[in-house]
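*Asks:* okay, sequence plus prediction incoming.
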Number of protein chains: 4
Amino acid sequence: MQIAIIGLGKMGGNMVRRLLRGGHQVVAYDRDTAAVDRLASEGATGAKSLEDLVAKLNAPRAVWVMVPSGAPTEKTIEDVAKLLSPNDIVIDGGNSNFHDSVRRANALADKKLRFLDSGTSGGVWGLENGYCLMVGGDPTAYQHVEPALITLAPKDGVAYFGKAGAGHFAKMVHNGIEYAMMQAYAEGFELLRASEFGYNLADLSNVWNQGSVVRSWLLELAASAFKKDPDLTGLKAYVEDSGEGRWTVNEAVARAVPVPTIAASLFARFASRQDESFALRVLAALRNEFGGHAVKKA
Amino acid sequence: MQIAIIGLGKMGGNMVRRLLRGGHQVVAYDRDTAAVDRLASEGATGAKSLEDLVAKLNAPRAVWVMVPSGAPTEKTIEDVAKLLSPNDIVIDGGNSNFHDSVRRANALADKKLRFLDSGTSGGVWGLENGYCLMVGGDPTAYQHVEPALITLAPKDGVAYFGKAGAGHFAKMVHNGIEYAMMQAYAEGFELLRASEFGYNLADLSNVWNQGSVVRSWLLELAASAFKKDPDLTGLKAYVEDSGEGRWTVNEAVARAVPVPTIAASLFARFASRQDESFALRVLAALRNEFGGHAVKKA
Amino acid sequence: MQIAIIGLGKMGGNMVRRLLRGGHQVVAYDRDTAAVDRLASEGATGAKSLEDLVAKLNAPRAVWVMVPSGAPTEKTIEDVAKLLSPNDIVIDGGNSNFHDSVRRANALADKKLRFLDSGTSGGVWGLENGYCLMVGGDPTAYQHVEPALITLAPKDGVAYFGKAGAGHFAKMVHNGIEYAMMQAYAEGFELLRASEFGYNLADLSNVWNQGSVVRSWLLELAASAFKKDPDLTGLKAYVEDSGEGRWTVNEAVARAVPVPTIAASLFARFASRQDESFALRVLAALRNEFGGHAVKKA
Amino acid sequence: MQIAIIGLGKMGGNMVRRLLRGGHQVVAYDRDTAAVDRLASEGATGAKSLEDLVAKLNAPRAVWVMVPSGAPTEKTIEDVAKLLSPNDIVIDGGNSNFHDSVRRANALADKKLRFLDSGTSGGVWGLENGYCLMVGGDPTAYQHVEPALITLAPKDGVAYFGKAGAGHFAKMVHNGIEYAMMQAYAEGFELLRASEFGYNLADLSNVWNQGSVVRSWLLELAASAFKKDPDLTGLKAYVEDSGEGRWTVNEAVARAVPVPTIAASLFARFASRQDESFALRVLAALRNEFGGHAVKKA
């Protein structure tokens, strides 16, 4: 089928490639003309502008937006929506907050445009393995673009989950779970390393990946990381968070769902980025006040 | 090779079967003679007593103990050790605390017996998939029994990790990680279910298992459980813990390793088994005291 | 000085009384005319309507709004603002979200009205002990109403903390801390009760309140509760949360501040209100899937 | 009454002073003879050795041991027990683990010696305010030394709570609560500081201490600390833990009591002392593996 991709970064570019390999016709656009040229040379139809992109598509047009969430996604959808015609389809494949996706679906519906929100997981491995896609929004739009989605995903790696927002809500929770799983492994590996047994963590991860209850893809990645750098000496203990973990906690709080491990893993990341935490200095100050306990002077 | 298995329950019985399929000669013993007879009919050499078991083995004897941890393991190892000869091998394949394994290794060494502690993961799936084995203890003993271990494990699913205790310490941490991973998924599924999107959790688990970052064997089991009972209406919110999670927290505390998600998942299980938690009643009482807030009367 | 109070419930009614005792002239209004009559009989000037209330005040008018947060506060401030004149003062003494207070301050400023947000703590004990008041908003308005605030508060129990929102933000954090302190005591008391020592918790709380590091007003309330009902047998393990705890976690997440104990105490309350938690049933289902572990059937 | 104090450090020295002020006769001993001389000059009877100390006491002798917990307490009690006579009393006023106190009580009972374990709280403020004392052990011994305990404690600040161990178990839980309360305040103050309101935390603490729900002695100490150094710039974010917090978590785990806030506060202290946490580096490594996310290179 024919589909457009806006945003040719780490994720979008590889999606174009995977779609091309699947025999689809892809119209590709990015503000970075070099990225467009590169993919055009690989078989995509390059677009010089959103206008050009829309002009190169047959109705009903299907436009996959794969730009950073927040303001870039907001502006891209707003801009392309002005150029589209009733019945055309906008798919947000980025990491948008599901509240925004619900709002955008409604705004686009006012213009008779159809919207899909696709939670997309797979990272840099998607080109090779396929992207896991959780999709919400207009069911007729889903049917229309399903051939492309099936190409993007691994076998059985895509499904429609309900009204607009269902895709990005599922992706949000996916990432919340991901944070806590990563933290679970991280705690375990630190404890192993703190033991008297001098474990080879790459070997242990490899063994665990064969038949144990904790085997997983993340554990395969851990094995790979430990193989390259057994003590992870090349890395700082500094961990970003990209938004979905925060949203997961916020939505859990709004729905009165206890999420102790997801919240704890988010807080561990927050703490990793603090230089001389104020809270910890309050603790030191209080210990000094009541017990005369020694403190480390700054 | 020739090996004895003491304890023919859910785990031990299937281990005998897997060893037999691998062409090993297995001497099998359990206090339950019916279990012995059953496995004898499947090709094992049945033993009537520990004495009989030891008599049926060639030196150096290899005896795999697969009975419940704690007192049963303690007594079994003590009893069989009295019957063995220098250079014989005792393997504890159960879920013993690694401190006990270190102690037992030393006690057996005093009698010139060799000891291995094997952390064993795989549950009821081990017969089919193989048992993941993390082994510590005497390296010459490991070499001797390796052919049997290779049969018990899936490909690459067994390795030697160091001195006595290394196997059970690794298994302890494995289970701590398992607790937190399970809790991570559980929190995520509860949040999905608390949403307005009416997810089919079996479908979502299946999709996540194709290419997503959170794919794992536990998630495959979740998909299986949701397929059988989408709302898990057949189950009570009551969750046992079997010891390793507690030990993981204790060892982390002893080594000053922060384990917030492992501890939180353990506490969630504790709370699941409480009827009218006293702590929560203290909270209700305090709210009533300072704010005159309504409380639910028992 | 002269001040009006709108909302004569548990908090507002006692505030009128405390102001009257302090020699202030109080115009009191509530939709419940019986509440108005009661306070009129105690010396307040009763108002029949917001119009009547405004008519009975001298400019610049000072109106303290003490109604439930959310919609009731929104409507009351909106309604009374229409009746006020430039330079008049609206004080929100309720538990509003500070974002709303910032918004209301701006909306009122457009009408040349002055706004104060007063975080108010003290519960049912405020009449006797005074209300702790943390105030934000227009500094000239603060100066105008300070005599009334000083009467409402215990000695040194009121201060101005900055622009609009500062009062309710401080109150929000106060309640977040309160949740975690309560949970800290609750965990401790449960552990004491789980011991082999059969503690008299009222006696222990009383002793702790004399010279120990954990002495506090909440601990005095705990002593009082244990004295009345040593095992708290009259209470259900069911604990409401009133919003500020949730906001505290949300604001911490927004500002990347780790709040593990505040979040944990909020989650404990959420869990207290769950009947057969879905997350816990997921855990039970997974244990059954991988290990064949027994589950409790519903 | 007559009582001996062994250990004249920060705590023991001031206890001697408080007892002397109360009119008691105190025999004081420390390995540091300067400490003995100082207290002798203030009215105590100095002892040159344990033998000398025992010789200077009338039967039944009462000996308060106030040395660091662990090995020093073990050795001191062992040494002095050899010199005492049946019916004499040993009081351990330090921060011993209650399991040790139970064991020591039994060992001393074999020699017909009476034992008391006194959990002691109050820190450097004890001299002025009195020491909160939670006592377990032999009830007849408690009655004998009660006059001294009443002098040491503030009014109503001492009580007998049951058999040996009850005192130190209560102190252990006290400290667990203390950890979580401190952490609760610390989180709150960090969130206040992360706000847009520029709070004066000394002022806010002072206001909160007048009539608010979170008022406490710890909050008075916080106010004092913030007054001296509003941003706590003189302190490092490094916080020791002294054992009781760990024991509290261990005992909670042993008794299946959920202690999420106490554990979280302990883990925050552990993390404060880590330089480049391995767990956090595992997180960074995993993010890099699956998403190609940027990491900070060491």
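*Replies:* Done, it's in.
*Asks:* so where do the helices sit in chain A?
*Replies:* For chain A, helices defined by DSSP state H occupy the ranges A:10-21, A:33-41, A:50-55, A:71-83, A:98-110, A:126-129, A:139-152, A:166-193, A:201-208, A:217-228, A:244-254, A:260-272, A:278-291.
*Asks:* how about the ones you listed, which one is nearest chain C?
*Replies:* For the helices of chain A, the distance to chain C is smallest for helix A:260-272, at 3.7 Å, taking C-beta to the nearest C-beta. Backbone N, C-alpha and C define where each C-beta goes, glycine included.
*Asks:* pull up the residues of the stretch 51-200 of chain A that are close to chain D.
*Replies:* Listed as neighbours of chain D in the stretch 51-200 of chain A under the rule C-beta under 8 Å from any C-beta of the partner chain: A:123-125, A:182-183, A:185-187, A:189-190, A:193.
*Asks:* most surrounded residue in the residues you listed?
*Replies:* Using other C-beta atoms under 10 Å in any protein chain shown as the neighbour criterion, residue A:183 leads those with 32 neighbours.
*Asks:* excluding its backbone neighbours, what's nearest that residue?
*Replies:* Of all residues not flanking residue A:183 in the chain, residue A:265 sits nearest, at 3.6 Å (C-beta to C-beta, 6 or more residues apart in numbering or on different chains).
*Asks:* so can I have CSV of the helices of chain A showing distance to residue C:9 and mean pLDDT?
*Replies:* CSV is the format used below for the helices of chain A (distance: least, C-beta to C-beta, whole Å; pLDDT from 0 to 100):
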stretch, distance to residue C:9, mean pLDDT
helix A:10-21, 54, 96
helix A:33-41, 62, 98
helix A:50-55, 57, 98
helix A:71-83, 43, 98
helix A:98-110, 34, 98
helix A:126-129, 57, 92
helix A:139-152, 49, 98
helix A:166-193, 38, 98
helix A:201-208, 59, 98
helix A:217-228, 52, 97
helix A:244-254, 27, 98
helix A:260-272, 34, 98
helix A:278-291, 36, 94
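*Asks:* stretch A:220-233 near chain D at all?
*Replies:* Yes: contact of stretch A:220-233 with chain D (C-beta under 8 Å from any C-beta) involves A:221-222, A:224-225, A:229, A:232-233.
*Asks:* is chain B within reach of that stretch?
*Replies:* No: residues of stretch A:220-233 are not located near chain B by C-beta under 8 Å from any C-beta, the shortest gap being 8.9 Å.
*Asks:* from the chain's centroid, how far away is that stretch?
*Replies:* 22 Å (C-alpha atoms, centre = their mean, to the nearest Å).
*Asks:* what's the answer for stretch A:145-163, then?
*Replies:* Distance of stretch A:145-163 from the chain centroid (C-alpha atoms, centre = their mean) equals 16 Å.
*Asks:* for stretch A:192-209, same thing?
*Replies:* Counting by C-alpha atoms, centre = their mean, stretch A:192-209 comes out at 29 Å from the chain centroid.
*Asks:* same check, this time on stretch A:75-91
*Replies:* On C-alpha atoms, centre = their mean, the centre of stretch A:75-91 falls 23 Å from that of its chain.
*Asks:* mind listing what's buried in it?
*Replies:* A:76-77, A:80-81, A:83-84, A:88-91 (16 or more other C-beta atoms under 10 Å in any protein chain shown).
*Asks:* how about JSON lines for the residues of the stretch 51-200 of chain A next to chain D, with distance to residue C:141 added?
*Replies:* Converted to JSON lines, those look like this (distance: C-beta to C-beta, whole Å):
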{"residue": "A:123", "distance to residue C:141": "54"}
{"residue": "A:124", "distance to residue C:141": "57"}
{"residue": "A:125", "distance to residue C:141": "59"}
{"residue": "A:182", "distance to residue C:141": "50"}
{"residue": "A:183", "distance to residue C:141": "47"}
{"residue": "A:185", "distance to residue C:141": "54"}
{"residue": "A:186", "distance to residue C:141": "51"}
{"residue": "A:187", "distance to residue C:141": "51"}
{"residue": "A:189", "distance to residue C:141": "56"}
{"residue": "A:190", "distance to residue C:141": "53"}
{"residue": "A:193", "distance to residue C:141": "58"}
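*Asks:* state the distance from the residue of chain A positioned farthest from its centre to residue D:16.
*Replies:* Within chain A, residue A:292 marks the point farthest from the mean C-alpha position, 48.4 Å out by C-alpha atoms, centre = their mean. Distance of residue A:292 to residue D:16, given as C-beta to C-beta, to the nearest Å: 17 Å.
*Asks:* residues near the nearest residue to residue A:94 once chain neighbours are set aside, how many?
*Replies:* Spatially, and ignoring its direct neighbours in sequence, residue A:94 is nearest to residue A:69 (4.9 Å; C-beta to C-beta, 6+ apart). A count of nearby residues for residue A:69, using other C-beta under 10 Å, gives 17.
*Asks:* now swap in the one 4 residues further on and tell me
*Replies:* For residue A:73, the neighbour count with other C-beta under 10 Å is 24.
*Asks:* ok, now which ones touch residue A:26?
*Replies:* Going by C-beta atoms under 8 Å, 6 or more residues apart in numbering or on different chains, residue A:26 touches A:2-5, A:16, A:19-20, A:39, A:43-45.
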